[in-house]
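> below are the sequence and a predicted model for it; my questions follow.
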Amino acid sequence: TEQRTPLIAGNWKMNFDHLQAIAFVQKLSWSLKDARHDYTDVEVAVFPPFTDLRSVQTLLSADKISLSLGAQDVSPHASGAYTGDVSADMLAKLDVGYVLVGHSERRQGHGEDDATVGAKALAAHRAGMVPMICVGETAEDLEEHGAAAIPVAQLTAALAELPEDAEFVIAYEPVWAIGSGQAATPEQAQEVAKAIRDALRELRGDERADATRVLYGGSVASQNVAGFLRQPDVDGALVGGASLKVDEFSRIIQFKK
Ligand code: PEP
């Protein structure tokens, strides 16, 4: 594989208030210190709810903890009369480096279409953050179109909104594997990750395709993470449920051991 630092990302979804968030990050950092985790080998990112970001940012900077900070959503708009929205500039100001866009829970539960996902990715990019573009097929899509067609189509649509030189991360998450305990096999994940990288080659050229990290997500746990990370085109994991337990998430981060 090329020079892609593995990325382990924890999507907390709607869990942990700001006090629980502080306790969690503190414990995680102790656990990784105990294990002498080398932060240059594997990048770790957490994606807390909006209300926790300021507290987590303060802790990370005060204690010099090398975790990256991500947000779970962003407004496509810059500012103004958008009640309930949070802008990209507001997030960037809190040292947020990554923003999830197109998570299946937003596509399905909030009716976000490809154009919205692309607009959110663009807003994140313009504010200097890296969009983590989530793509994935439902069980019905899988039956009808195979595994790769829908994720590649979703990616193509999102990238149409982003400038050529924009950096991004892709999270391939089969919808049927999210929160189901039924993860894809490493071979299935590799097949789609490779199809995504092939599409990136067409859309953005070799350099961007080789530099871009493609994560797998969907029921990742400490027992199965290494199998995914061994695949040549899988460069990390987006972890939901298992990212909420300190010991389990710490073991996932130390997948090389
Ligand atoms: C997710 O929602 O991004 C996810 C991968 O969830 P889980 O790990 O719980 O399947």
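Cool, the structure landed. Residues are numbered from 1 along each chain as shown.

> what is the burial count for the closest residue to the ligand within the stretch 151-257 of the chain?
Of all residues in the stretch 151-257 of the chain, Gly240 sits closest to the ligand, with a separation of 2.1 Å (Cβ to the nearest ligand atom). In this view, the C-beta of every residue, glycine as well, is placed from N, C-alpha and C. Using other Cβ atoms under 10 Å, Gly240 has 22 other residues around it.

> measure it to His77 for me?
Here the criterion is Cβ to Cβ, to the nearest Å. By it, Gly240 lies 27 Å from His77.

> thinking again about what came up before, now do the residue of the stretch 151-257 of the chain closest to the ligand against Glu105, distance only.
Taken as Cβ to Cβ, the span from Gly240 to Glu105 is 9 Å.

> which neighbours do those two share?
Residues touching both Gly240 and Glu105 (Cβ atoms under 8 Å, 6 or more residues apart in numbering) are 13, 178.

> just the buried residues of the longest helix that the chain contains, please?
The longest helix of the chain (DSSP state H) is helix 186-204. Residues of helix 186-204 classed as buried: 186, 188-197, 199-200, 203-204 (neighbour count, 16 or more other Cβ atoms under 10 Å).

> C-terminal to that helix, what's the next element?
Following helix 186-204 in sequence order, the next helix or strand is helix 206-211 (DSSP states H and E).

> pLDDT weak spots in the protein?
Across the chain, the ranges flagged by pLDDT under 70 are 1-2.

> show me which residues of it are close to the ligand?
11, 173, 178-179, 217-220, 238-242 (Cβ under 6 Å from any ligand atom).

> swap in 8 Å and give it another go.
By the rule Cβ under 8 Å from any ligand atom, the part of the chain lying against the ligand is 11, 13, 100, 103-105, 134, 171, 173, 177-181, 183, 217-221, 238-243.

> ok, back up a step: which neighbouring elements make contact with the longest helix of the chain?
helix 149-159, strand 169-172, helix 206-211, strand 214-217, helix 225-229 (3 or more Cβ pairs under 8 Å, 6 or more residues apart in numbering; DSSP states H and E).

> returning to that earlier point: what about the residue of the stretch 151-257 of the chain closest to the ligand, distance to Leu203?
Here the criterion is Cβ to Cβ. By it, Gly240 lies 28 Å from Leu203.

> helices along the protein, start to end?
Ranges of helices in the chain, per DSSP H, are 18-34, 50-62, 88-92, 104-109, 114-126, 139-145, 149-159, 186-204, 206-211, 225-229, 246-253.
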